[in-house]
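S.K.: Show me the folded form of this:
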Amino acid sequence: MNAPAALDAPIREGLDKVDLLKPGEGFLDLTAGARGNGSGWAGFARGEAGWKFAPAGSAFAFGEAEYGDAGPAWQAGIGVRATW
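M.R.: As a prediction, the model looks like this:
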């Protein structure tokens, strides 16, 4: 089974970021905001977490949600990468 490209790409990009860390390091990024104009508005929130748990092992997860005039939308994903 293949993940949709819109979901697969952020997971692979996140694992690439984690692979640049030293073993034992990790990160957490949380962002939120809103935008609007005369015809509508939208708010969003996004979270990312990554951890390089071993020289050859990485984990990454993300979640994001948006709500606006078009209604709610969200996506989330998790990935683990091991090399040997």
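S.K.: for this protein, what helix or strand is lowest in average pLDDT?
M.R.: Least confident helix or strand, the chain: helix 5-19 with a mean of 89, by mean pLDDT, DSSP states H and E.
S.K.: tell me, what residue is most central in this structure?
M.R.: Phe62 (3.1 Å; C-alpha atoms, centre = their mean).
S.K.: how near is the residue of the chain most remote from its centre to Lys22?
M.R.: Distance from the C-alpha centroid of the chain peaks at Gly38, with 30.2 Å (C-alpha atoms, centre = their mean). For Gly38, the distance to Lys22 (C-beta to C-beta, to the nearest Å) stands at 49 Å. Just so you know, the C-beta spots here come from the backbone N, C-alpha and C atoms, and that holds for glycine as well.
S.K.: Kindly report the same for Pro55.
M.R.: The gap separating Pro55 from Lys22 is 9 Å, by C-beta to C-beta.
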